[in-house]
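# Need a 3D model of the sequence below.
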Amino acid sequence: MILKGKKRIRSLAIALSVILLLAVLSTTVFADDFTNNDNNQNIYDRINEYLSDTIPKTHFPSFSITIVDNDETLLSKTYGSSGSPDTPYVLGSVSKSFTALCIMQLVEQGKVSLDAHLSDYLPDATDGDRITILQLLNHTSGLGEHQNLTNFRIVSEQGVHLYANVNYSLLGEVIEVVSGISYEEYVTENVIEPLGMNNTYADPDKATGLIKGNENWFGFNVKTDTQYCDTDDTWITVPAGYITSSTEDLGRYLQMYLNGGENILSPESINEMFYNNIAVEDEIPYSYGMGWTLINEPLKRSALRHSGLVETGMSCIYILPDDNIGVAMTINTNDYFVGTDFADRVGWGVILILMGDEPNQIGSNEYVMRHLMYDGIYLAILVVALLPFIMIGRYKKRLLKGRNWRTAIWLIALHVAFPTFILMLTGIFFKTPLWVVKAFVPDLFAVIIASACLLFAGGVVKAILFIKASEE
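Numbering: from 1, shown residues only. Just a heads-up that it's a prediction; the model follows:
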């Protein structure tokens with residue numbers, strides 16, 4: 001849930017045209033240990049069979065899953081070419097549940113009040129006297145989706161859910177001010193160490209054994225270093241999205257919730273996190289609480305969930321309160337247009353099996369066909385941008401027939417206004433800044449920049465020819 005601009009960027013790509021290109025990559029191999037509960041042998045065998053069949057179709061380089069109940073690990077396994085259940089991944093917005101947990105600890109200690117204003121803890125915070133801690137927790141503060149700690153302010157209606165990373169970046173600062181120690185120290189001392197989470201880190205720079213992430217370029221997963229920067233002008237900070245953890249550790253984390261808090265947090269505070277929520281209308285209606293979303297319909301039984309997405313990976317955690325089961329999944333690639341959808345479908349597929357339903361299926365050629373569609377769109381955009389060079393001979397002939405201001409105006413409109421429009425398109429129409437596209441959909445960003453540069457360059461060439469023709 002880091003990006004609410006997902007549909008917007010997808011709409012942008014589909015809106016720009018169609019043709020074809022590239023084939024695809026990578027068949028994956030399976031690995032690691034598998035344990036199960038004898039009483040539920042069949043269901044966990046079925047989940048293993050489902051993932052063994054499905055993960056190769058997603059082209060995820062590595063996929064890790066751990067399923068627990070309140071007492072034991074029911075399944076712990078990886079699928080792909082690397083990693084194991086104790087290998088840490090960057091979690092993305094799953095980190096928000098840790099931050100919400102820490103805030104609720106401070107609430108229990110009487111050091112923070114959910115109804116208090118942000119300015120009570122950060123006196124210099126812009127609009128801090130109008131924003132409450134609870135509004136930050138459930139994303140109803142009115143702060144903007146793409147703001148950071150240097151430019152945040154109320155820009156939308158308060159009380160209405162608008163997912164914004166800056167809400168949790170601010171909560172991280174509140175934790176530091178109230179506790180008197182860094183966010184990393186607080187989470188480590190009050191959550192990670194008490195739960196024995198040995199492969200979990202609240203500072204990505206200190207993470208050992210962190211799996212290599214991937215970006216997806218035109219259907220190919222390309223290994224990429226974790227892109228992490230902890231400064232105030234960073235869109236995603238550690239409290240909002242850069243805790244690292246393994247699925248085994250996340251299983252232990254989920255067991256804490258299943259066991260009513262285990263002296264980390266009270267059952268009453270856990271219920272607040274889960275059920276003191278606000279309704280959100282989306283493709284599937286859900287409610288957002290404090291670092292957790294609650295989904296009821298169309299499921300047989302309710303599920304609590306939070307997903308995460310960073311530049312080089314994805315994750316998701318689930319709790320099935322009626323079944324007393326927790327599920328953690330991590331993936332080491334960000335395939336934005338295709339892979340995020342696959343990750344959702346696989347995750348819900350596992351949940352559906354646990355609820356006794358049929359899982360979601362992914363077609364054998366679906367990855368290839370969907371990436372071919374997007375690659376075709378990208379190629380079409382580049383072909384359009386190349387047309388001025390392809391048709392330069394026709395332009396020269398037109399100049400021989402006469403040089404007038406109409407030609408000059410058309411030159412400016414086509415080669416200045418149009419590429420400028422392309423560069424501004426995502427921000428104006430899809431409310432997604434170009435820098436977000438660069439971070440999360442690098443191939444689309446490259447196509448946009450290349451197309452704009454080609455159009456500008458074509459304009460320069462035509463302008464030079466126009467001037468030379470005018471001097472003759």
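# what residues are up against the nearest residue to Ala343 once chain neighbours are set aside?
Spatially, and ignoring its direct neighbours in sequence, Ala343 is nearest to Met314 (5.0 Å; C-beta to C-beta, 6 or more residues apart in numbering). The C-beta positions use only the backbone N, C-alpha and C, and glycine is treated the same way. Neighbour list for Met314: Gly92, Ser307, Gly308, Thr330, Ile331, Thr333, Asn334, Gly339, Thr340, Ala343 [criterion: C-beta atoms under 8 Å, 6 or more residues apart in numbering].
# if we go to 7 Å?
Residues near Met314 by C-beta atoms under 7 Å, 6 or more residues apart in numbering: Gly92, Gly308, Ile331, Asn334, Thr340, Ala343.
# Could you report the neighbour count for the fifth one?
Per other C-beta atoms under 10 Å, the neighbour tally for Thr340 reads 19.
# wait, Thr66 sits on Glu248?
Yes: using C-beta atoms under 7 Å, Thr66 is in contact with Glu248, at 5.5 Å.
# Off-centre distance for the helix or strand encompassing Gly251?
Element membership of Gly251, judged by DSSP states H and E, is helix 247-258. Its chain's C-alpha centre and that of helix 247-258 lie 21 Å apart, by C-alpha atoms, centre = their mean, to the nearest Å.
# what do you get for stretch 310-325?
Centroid separation for stretch 310-325 versus its chain: 13 Å, with C-alpha atoms, centre = their mean.
# ok so, going back, give me the buried subset of the contacts of Met314.
Gly92, Gly308, Ile331, Asn334, Thr340, Ala343 (16 or more other C-beta atoms under 10 Å).
# Filter those residues down to just the ones in helices.
Assigned to helices by DSSP state H, the following of the buried ones among the contacts of Met314 qualify: Thr340, Ala343.
# Next, give phi and psi for the residue nearest to Ala343.
Dihedral angles of Met314 (phi, psi; degrees, to the nearest 10) stand at phi -140, psi 160.
# Run through the bridge partners of it.
Beta-bridge pairing of Met314 under DSSP bridges involves Leu309, Ile331.
# Let me see the ranges of the strands in the stretch 251-400 of the chain.
278-280, 286-288, 293-295, 303-310, 313-320, 325-331 (DSSP state E, counting those that start in this stretch).
# just so I know, which of those lies nearest Tyr183?
Minimum separation from Tyr183 across the strands of the stretch 251-400 of the chain (C-beta to C-beta) falls at strand 303-310, 17.2 Å.
# what residues does the closest one touch?
Residues from elsewhere that reach strand 303-310, judged by C-beta under 7 Å, 6+ apart: 1-3, 90-97, 236, 241, 274, 291-295, 314-321, 334, 340, 351.
# Filter those residues down to just the buried residues.
Counted by 16+ other C-beta under 10 Å, the contacts of strand 303-310 give 1-3, 90-97, 236, 241, 274, 291-295, 314-321, 334, 340, 351 as buried.
# how near is the closest residue to Ile317 other than its chain neighbours to Pro239?
Sequence neighbours aside, Ala328 is the residue nearest to Ile317 in space, at 5.0 Å (criterion: C-beta to C-beta, 6+ apart). Separation of Ala328 from Pro239 (C-beta to C-beta, to the nearest Å) stands at 19 Å.
# can you tell me which residue is nearest the centre of the chain?
Leu309 (2.4 Å; C-alpha atoms, centre = their mean).
# how about Thr231, what does it touch?
Counting by C-beta under 7 Å, 6+ apart, Thr231 makes contact with nothing.
# about what we covered before: which of Thr66 and Glu248 has more residues huddled nearby?
The neighbour comparison of Thr66 against Glu248 (other C-beta under 10 Å) goes to Thr66, with 27 against 23.
# tell me which element the more buried one is part of?
Assigned by DSSP H and E, Thr66 belongs to strand 62-68.
# where does Ala413 fall, helix, sheet strand or coil?
Put simply, Ala413 is helix when judged by DSSP: H, G, I helix; E, B strand; the rest coil.
# wait, Pro123
Following three-state DSSP, Pro123 is assigned to coil.
# Tell me which residues touch it, please.
When contacts are counted by C-beta under 7 Å, 6+ apart, Pro123 touches no other residue.
# what are the phi and psi values for it?
The phi/psi pair for Pro123 (degrees, to the nearest 10) reads phi -60, psi -30.
# State the distance from it to Ala240.
Separation of Pro123 from Ala240 (C-beta to C-beta): 22 Å.
# doesn't Ile422 fall inside a helix?
Yes: assessed with three-state DSSP, Ile422 lies in a helix.
# Around it, count how many other residues there are.
Neighbours around Ile422, by other C-beta under 10 Å: 20.
# That one reaches Ala450, doesn't it?
No: contact criterion C-beta under 7 Å: Ile422 and Ala450 do not qualify, at 10.4 Å.
# what sits in contact with each of Thr66 and Glu248?
Ser76, Pro85.
# Ser451 reaches Ile381, doesn't it?
Yes: contact status for Ser451 versus Ile381: in contact at 5.2 Å, counting by C-beta under 7 Å.
# any chance you could map the helices in the stretch 51-200 of the chain?
95-108, 133-137, 165-179, 183-187 (DSSP state H, counting those that start in this stretch).
# And for the stretch 351-472 of the chain?
Ranges of helices in the stretch 351-472 of the chain, per DSSP H, counting those that start in this stretch, are 366-390, 392-401, 405-412, 418-429, 434-440, 442-471.
# pLDDT below threshold where in this structure?
Filtered on pLDDT under 70, the chain yields the residue ranges 1-41, 399-405, 407-408, 471-472.
# care to break it down by domain?
Domain segmentation of the chain under automatic domain parsing yields 32-354, 366-471.
# now, of those, which is deepest in the fold?
For the domains of the chain, the largest average neighbour count (mean count of other C-beta atoms under 10 Å) is found in domain 32-354, namely a mean of 20.
# Off-centre distance for that domain?
Going by C-alpha atoms, centre = their mean, where domain 32-354 is centred and where its chain is centred differ by 11 Å.
# Isn't Asn88 up against Ile243?
Actually, residue 88 is Pro rather than Asn. No: counting by C-beta under 7 Å, Pro88 stays clear of Ile243, with 9.4 Å between them.
# Spell out which residues are contacts of both of those two.
By C-beta under 7 Å, 6+ apart, the residues touching both Pro88 and Ile243 are Thr200.
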